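*Asks:* sequence below, structure please.
(4 chains)
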4 protein chains.
Amino acid sequence: MQLGIVGLGRMGGNIARRLAQAGHSCVVWDRNTAAVEALASEGNTAATDLADIVAKLEAPRAVWVMLPSGGPTESTVNELAGLLSAGDVIIDGGNSFYKDDIRRAASLREKGIVYVDVGTSGGVWGLERGYCMMIGGEKASVDRLDPIFAALAPGLGDIPRTPGRETRDPRVEQGYIHTGPAGSGHFVKMIHNGIEYGLMQAYAEGFDILKNKASTDLPEQERFSLDMADIAEVWRRGSVVSSWLLDLTAIALTSDEKLTDYSGAVADSGEGRWTVEAAVEEAVSAEVLTAALFARFRSRQDHTFGEKLLSAMRFQFGGHSEFKNK
Amino acid sequence: MQLGIVGLGRMGGNIARRLAQAGHSCVVWDRNTAAVEALASEGNTAATDLADIVAKLEAPRAVWVMLPSGGPTESTVNELAGLLSAGDVIIDGGNSFYKDDIRRAASLREKGIVYVDVGTSGGVWGLERGYCMMIGGEKASVDRLDPIFAALAPGLGDIPRTPGRETRDPRVEQGYIHTGPAGSGHFVKMIHNGIEYGLMQAYAEGFDILKNKASTDLPEQERFSLDMADIAEVWRRGSVVSSWLLDLTAIALTSDEKLTDYSGAVADSGEGRWTVEAAVEEAVSAEVLTAALFARFRSRQDHTFGEKLLSAMRFQFGGHSEFKNK
Amino acid sequence: MQLGIVGLGRMGGNIARRLAQAGHSCVVWDRNTAAVEALASEGNTAATDLADIVAKLEAPRAVWVMLPSGGPTESTVNELAGLLSAGDVIIDGGNSFYKDDIRRAASLREKGIVYVDVGTSGGVWGLERGYCMMIGGEKASVDRLDPIFAALAPGLGDIPRTPGRETRDPRVEQGYIHTGPAGSGHFVKMIHNGIEYGLMQAYAEGFDILKNKASTDLPEQERFSLDMADIAEVWRRGSVVSSWLLDLTAIALTSDEKLTDYSGAVADSGEGRWTVEAAVEEAVSAEVLTAALFARFRSRQDHTFGEKLLSAMRFQFGGHSEFKNK
Amino acid sequence: MQLGIVGLGRMGGNIARRLAQAGHSCVVWDRNTAAVEALASEGNTAATDLADIVAKLEAPRAVWVMLPSGGPTESTVNELAGLLSAGDVIIDGGNSFYKDDIRRAASLREKGIVYVDVGTSGGVWGLERGYCMMIGGEKASVDRLDPIFAALAPGLGDIPRTPGRETRDPRVEQGYIHTGPAGSGHFVKMIHNGIEYGLMQAYAEGFDILKNKASTDLPEQERFSLDMADIAEVWRRGSVVSSWLLDLTAIALTSDEKLTDYSGAVADSGEGRWTVEAAVEEAVSAEVLTAALFARFRSRQDHTFGEKLLSAMRFQFGGHSEFKNK
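*Replies:* Numbering: from 1, shown residues only, chains lettered A, B, ... in the order given. Take a look at the predicted model:
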C-alpha cells in the first residue's frame, strides 16, 4: 500500500523503514534534503515538495504528517488540504492537541478530505519493537488504512494474552486501536503521556529516597549505602513494579549509577500539560499526574520567586536569616 | 536444604510449595492447624509449635517467619530467640518496619543469633512466577541460605538482559539481591511498595480522566466514549507505559469494564506510610508517592471534617449555601 | 457620579447601596423585577431594559455589569456594545476569564467603547467593609471612574500602614488598584481566588488533623480531644496564622463545633481552575493551589473510577478483597 | 509572680521583658553570659547556673525552658528534674515534639514535678504584640501560672469579638488556651506551624504566577507586568486573602519588589515534618501541608537524583538529549 510521509525525523524516518520491511512503499519528503536522500537510497520515492508527494500518490491518497505539533503540523495540514482531493486522507501522527484535531477534521470534512489522528508511542525503539498506535477518525478510512497500521504495530509477540479477549477487537492485541472519532486518538495518547509522567516521577522519587538513605544527616545506624543499578535490576524480576520504564532505568543506572552526565533539568511536552487541563475540565482529581508535571517545571529553575517570598516572610516574622551569601 | 516456616497464609504456604518444587524440605507451623495439615500432606514436616520447629531442624537452623508485621512478628521473633542457639538464623520475610529490623538484629546479635530481613514481592503470583527478594543481613548467613533464595527467585526467564551487567552480582538477575546490613532488605522493599502506590495512582488517574471524557458536563463535540479495556490492552504493546500493573489492569477491565463490584475504598499497608516518613526524614520531596497514599486515605472517607470546614468558610464569606439536603 | 448597574444580585445590589451611601446615584436593571423595585425604593433610578439604562445615563456613560461569568456577561456586553457610543465605558465587575476580557476590550476598542474589568472581592461583607478592587483597562477611563472606585473601596480604616509606601500610588492603600491593561484586573483577582483556595485548604487540613487526634485508632496515651472553636479563636490573637478566613472559621466553629449541617461537598468556581491553567501555561509549579482545587473535586464524589481501579489492581496482584459489601 | 527562665535568645529574652512590663520578676540564666547581664541590667535576677536558678526561686517554683528542641531542651529538663522538688513546674516553651512532652511529663510525674508544654507563637513581634500560647498540662498548675500567661498574651486588643463566645473560656480571647494534658499544647502549636507552611506556600505560588505573567514565553497580548508590592498591599484591604502573613509580605515587597537579597533556599523546622507524620498516623489526607513542606525540601537542592533519573529515562526511550552542557 502506498503512503506519503511528511517529516523524516527520528519518528517519521523509522516509520518509513518499518513500512518498507513489511513491503509497503512510501513517497517521502522533508525540508531536510539529506533525510529525503537517505530514505530514497533505501528504496522509497523521494518527493520535492508537498505538491510532488500528492502528484506521486494514486488516489485515494493517504499522507502521514509526522511533524512537531502546533505551527509546523498546522501549516502542513492546511497546505495539504489545498492539494488533496475528496476521498484522500491526512494522517497526523504527531502529538497534536486533540481539540486541534476536532477542529481540523470538521474543516477538512467540508472538502471531503478525511482527517485521522494517530497517537504514536514507541520512541527510538519503535523501528525494532513496533509502534503502539491510538487512532481517531472515521471508521471507513481507518479500516482502509489497516495494512499500514498492522505493519507499524508490534503484533502479538510473546506478551501473555489477557484472558477474556476472545470476542473483542483483535487489532488491539496487535498494538493498535481505533479509539473513536477524530481527536480521540490523540486524546488517548495524551493521557498515555500523562500517565508516563506519573510513572516516571514515582520511580524518580523512590530512587531519590533510596539514594539519600546514605546521607550523613541520618543517624549512623540508620544509613544504608544501596546499589541503585542492582535494585533497578532485581525489581525487573517478579516484582510488582516491573515495567518497561524500569527496564530503561536499569539500563541507565547500569551504565552510570551516579547518572553523572544527566542534567536533571527535565523538559516537558504539551501532553503532560494538556492532561492536567483535561483533568481540570472534567473536575477529576489528578494529584499524581500534576505533581509529576510540576516537578519538571521546578527542575528547570534555580530559585523561584515564590521561594524567595518564603524566605522573605520567614525573615519578617521570625528574624530568620535567609539571605544569599555575599 | 532444611527450612522452618512459621506462618502458612497465602505467602508462607506458597513459599513452602515453591521450595518443595526445588527439592527443599520445610518444617512448617501455623496457629491454623488446617494449614499445617495441608502442607504436611504435600510432603512437608508438620510441627506442633515453635519449640517443635526448632527441635526438628538440624543446626545451624534457619526459620522463616511469614507473619503480619508488628505484634505477631515481634512476639514470634522474641519467642524464637529464646529457643534457638548461636549460629541459627531468623528470617523475617514479612513487611516489617526496617527500624524494627535494625533493633532486632542488634538484640539477637548479642546471643549469636543472626537476623535476616527479606522483602518479598510477588503476591498471589509468586508460586508460579517466583518471588523478587530484597535481603538484608550479614553476608555469611545470606550466602549460606543461597539455595533457599535461588529456589524462590524467578530466575532469568525470558526477560531481556540489561547490557553491561557482566561484572555484576549474578544473583540480581535471578531476582534476589543482598542489599546490605539488617534492615536494608525491608527498607528497599518499603520503597518498592511506595513506588507501587505511585504507579497505581498514575494509572488510576489516567483512566479516571479517560472515563470522564464521556461526561455530559463537557461540550458535546469534545466528548468521547472510550473503551477502557481495549485502551489498557493496547498500551501493553509497544507503549512507554507498559508494565505488569498494566497487565493486571487489562485483566480486571476486560473482566468488567465498569469495575462494578469493586468498592473503591482502598486499604493501605505500612510501607506506603513509612515511605512518606522516610522521605520526610531525608528531606526528599516525594509529592507523587505521598499523593498516592493520601488518595487512599481519602478514598475511605465519606466527607472529611476539613471539607465541612471549607463549606462553612464559603458560607461565611460568600453566603454560598453548602448545606446538607434535609 | 452616575453609574448604570446591570445585575442586582448579592453583589450588584450592595454595590448600588454602597455607592448611594457615598452620594452617587445609579440607574439599575435586572431581569428580576423585584430586585429593581427594591433598589428603586432606596432612591436609585429603575430602568426597564439595557436600552433604557443607556437612555437614562448622560454621556460619557459607564455601565457596571455584575453578572455570572460566561454566557450572561458575554451576551450583556455584546448587547450593550450595540447601544453605547464612543467614549462610553463598560465595566465588567464579575468573575470573567481574563482572556475573554482581552478579547472583548480589543473588539470594543474598534467602536471607541472602553472595557474595564474589575475583580471585586468582599462577598457578603462588602456593603459594610467595602470592596477590594483590582482594575484593568485604559488609564484615562480608570481615572475618570475614580469616584466610583473610591466610594466602593474600604478605605484606609485602622489597618496598620505598610512602611515605605509614601511614594507609591495612594489608591492602593484605599483598597483598589489599577493593575494594567484590560484583563489584568481579572487576572489578579483570579490569582487572589486561587490563593484563597490554598489558604482555605491549609486551614481545613490542619483542623482535620486536630479533629482526628481523638481517633481511637491512635494509641490511647497519644489521643487528645481538642476544642476546635477555642483553637480557631486563640490563633486569631498574636499567632502567625491569623487572617480574615480564620476569623470566619472561628465564627463557624463557635456556632457549631461539629459543623453538623455543612455538606462537605465543596463547589469551585472558574477562578481556581483558571489559576491552575495559568500556572501550567507559565510552567510555574503550583502544588498547593492545585491540591486545593483537586480536594474540592474529590469532595463532590462518592468513589471515583480511579479508586475502583486501585481496588481492582490490589485484588489482581495480592488477592486483597476490596469488594463492596453485598 | 516569680519565674525562672533558661535560654535568653530572641524568644526567651523578650519573654522576660514582656513579663517585666507586667510587673513580674524573672530569675534568668543562659550559657551566653552577655545575654544574662543584659537582662540583669534591666532588673531581672541573674543566675549562674541551673542550680542557682532553683536556689533563687521560692517554692513552688516554675522554670520556663526556652531552648532549641531536641538535645538542649532534653538535657536541661533532665538536669532540672534533679534539682527541683515535688510541686515545682517545668515549662517547656520551645518547639518540642509532643511525644517527647508526653514521655517527659509521665517521667517527671513520678517525682511529683509538673511538666507544662507551651507552644508559643509570635516570633520577633511577640514583645510588642504579645504571644499566642497553646498550653498543655495539668489544670491546677496551668491555673496557678495564669498571671504569667495573662501577661505574655496579647489580650483582647481591638480584634473584633467572635459572636457566641459569651459562655466560653475567657482566656482564649486573651490569646492563650489550655488545650488539654501534657503534649497537647505543642501538638496544637505543631499543627499551627503546619498550617503556617501551607498558607505561606499558597501566597508564594500565587505571587509566582503573578510574577511570571510577564514572561516572554507567553503570547505578547497575554503578558502583564504586575506590581507585586501594590498587589500585596491592596489585598490587605477588604479582600478574602487578608492575613498577618500578607501584611508581612507587603512589607517585604514594598522594601524590595524583586526580593533580590533573599536566597530562596527555605529552611524547615521540625513542626512541618511532624505535621505530615501526624497526618499519616491519623490517615488524614494533607496534600497542601505536605506540598508546602516538600517545596522547602526542593528549594534547598540544585538538582535531585530523581530529576537526573527522569533525564536518563527520557534519553533512553526517546533519545531526548538531557545532558549537562560541557
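
*Asks:* helix or strand: which one has the residue nearest to residue A:169 when sequence neighbours are not counted?
*Replies:* In space, and not counting its chain neighbours, residue A:169 is closest to residue B:230: 6.3 Å by C-beta to C-beta, 6 or more residues apart in numbering or on different chains. The way it works is simple: take the backbone N, C-alpha and C, and place the C-beta from them, glycine included. For residue B:230, the host element (DSSP states H and E) is helix B:228-235.

*Asks:* how much space between the residue nearest to residue A:169 and residue A:134?
*Replies:* Relative to residue A:134, residue B:230 is positioned 10 Å away (C-beta to C-beta, to the nearest Å).

*Asks:* which of the two has more neighbours?
*Replies:* Of the pair residue B:230 and residue A:134, residue A:134 is the one with more neighbours under other C-beta atoms under 10 Å in any protein chain shown, namely 29 against 24.

*Asks:* would you mind giving the secondary structure of residue A:19?
*Replies:* Following DSSP: H, G, I helix; E, B strand; the rest coil, the label given to residue A:19 is helix.

*Asks:* how much space between it and residue A:94?
*Replies:* 17 Å.

*Asks:* again, but for residue A:176
*Replies:* In this structure, residue A:176 and residue A:94 are 16 Å apart, going by C-beta to C-beta.

*Asks:* more neighbours: which of those two?
*Replies:* Neighbour totals were compared for residue A:176 and residue A:94, and residue A:176 leads with 30 against 25 (other C-beta under 10 Å).

*Asks:* and the more buried one, how far is that from chain C?
*Replies:* Residue A:176 is 23 Å from chain C, where distance means C-beta to the nearest C-beta, to the nearest Å.

*Asks:* one more: residue A:307?
*Replies:* 10 Å.

*Asks:* how about residue A:63?
*Replies:* 32 Å.

*Asks:* how about the nearest residue to that residue once chain neighbours are set aside, what does it touch?
*Replies:* Excluding the flanking residues, the one nearest residue A:63 by C-beta to C-beta, 6+ apart is residue A:4, at 3.8 Å. Applying C-beta atoms under 8 Å, 6 or more residues apart in numbering or on different chains to residue A:4 gives the contacts A:26-29, A:47, A:53-54, A:56-57, A:61-64.

*Asks:* where do the strands sit along chain A?
*Replies:* For chain A, strands defined by DSSP state E occupy the ranges A:2-6, A:25-29, A:45-46, A:62-65, A:89-92, A:114-121, A:132-136, A:176-180.

*Asks:* tell me what angle the second one forms with strand A:2-6.
*Replies:* Going back to what we said before, that points to strand A:25-29. 20 degrees (axes from the mean of the first three to the mean of the last three C-alpha atoms, to 10 degrees).

*Asks:* hey, C-alpha coordinates of strand A:25-29 in PDB?
*Replies:* What follows is strand A:25-29, C-alpha atoms only, in PDB (Å, rounded to 0.1, in the frame of the first residue of the first chain):
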ATOM      1  CA  SER A  25       6.400   1.800  -0.300                       C
ATOM      2  CA  CYS A  26       6.400   5.400   0.700                       C
ATOM      3  CA  VAL A  27       6.700   8.700  -1.000                       C
ATOM      4  CA  VAL A  28       8.700  10.800   1.400                       C
ATOM      5  CA  TRP A  29       9.500  14.500   1.900                       C
END
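
*Asks:* show me what it is packed up against.
*Replies:* When contacts are defined as 3 or more C-beta pairs under 8 Å, 6 or more residues apart in numbering or on different chains; DSSP states H and E, strand A:25-29 sits against strand A:2-6, helix A:10-21, helix A:33-41, strand A:45-46, helix A:50-56.

*Asks:* tabulate these (TSV), appending mean pLDDT.
*Replies:* TSV is the format used below for the helices and strands packed on strand A:25-29 (pLDDT from 0 to 100):
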stretch	mean pLDDT
strand A:2-6	97
helix A:10-21	94
helix A:33-41	96
strand A:45-46	97
helix A:50-56	98
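
*Asks:* indicate which one of those is closest to residue C:190.
*Replies:* For residue C:190, the closest of the helices and strands packed on strand A:25-29 is helix A:10-21, at 38.0 Å, according to C-beta to C-beta.

*Asks:* who in the stretch 1-150 of chain A is up against chain B?
*Replies:* Within reach of chain B by C-beta under 8 Å from any C-beta of the partner chain, the stretch 1-150 of chain A has these residues: A:99, A:102, A:121, A:122, A:123, A:126, A:129, A:130, A:131, A:132, A:133, A:134.
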